[in-house]
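*Asks:* sequence plus predicted model, see below.
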Amino acid sequence: MTINLAILNSSKEHTEVEFNKKNVELLNSLTKREQEILFVLASGKPSKETGDMLHIATSTVEKHKQNIKEKLQLKTIGELVNFALSTKTVSLD
């Protein structure tokens, strides 16, 4: 359900997500763990499942998610999904 809502939100903002070289550079500003969490969340997993997959507490995922949003100046999960898609390291296929 999370990914469906994120996709709906992202489609409100953009009809098609294009590759963005600047976002790839921003992606490199994240720590490895933040990148892992970004991609798991962008694939539609909620924080609980993300934590279970990465063997960390849900509260740790939430803190990383907050840090990611701040670093990338994002506000919503839809924006986070769009960002991940724009780096072409995640796809909906």
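*Replies:* Yep, it's here. Numbering: from 1, shown residues only.
*Asks:* pull the number of nearby residues for M53.
*Replies:* Applying other CB atoms under 10 Å, we find 14 residues neighbouring M53. C-beta: built from backbone N, CA, C; applies to glycine.
*Asks:* separation between T89 and D52?
*Replies:* Distance of T89 to D52, given as CB to CB, to the nearest Å: 22 Å.
*Asks:* kindly report the same for K69.
*Replies:* 21 Å.
*Asks:* ok, now K88?
*Replies:* K88 is 27 Å from D52, where distance means CB to CB.
*Asks:* also E62?
*Replies:* Distance of E62 to D52, given as CB to CB: 14 Å.
*Asks:* buried stuff in stretch 29-48?
*Replies:* Neighbour-count burial for stretch 29-48, counted by 16 or more other CB atoms under 10 Å, picks out 30, 34-47.
*Asks:* good, wrapping up.
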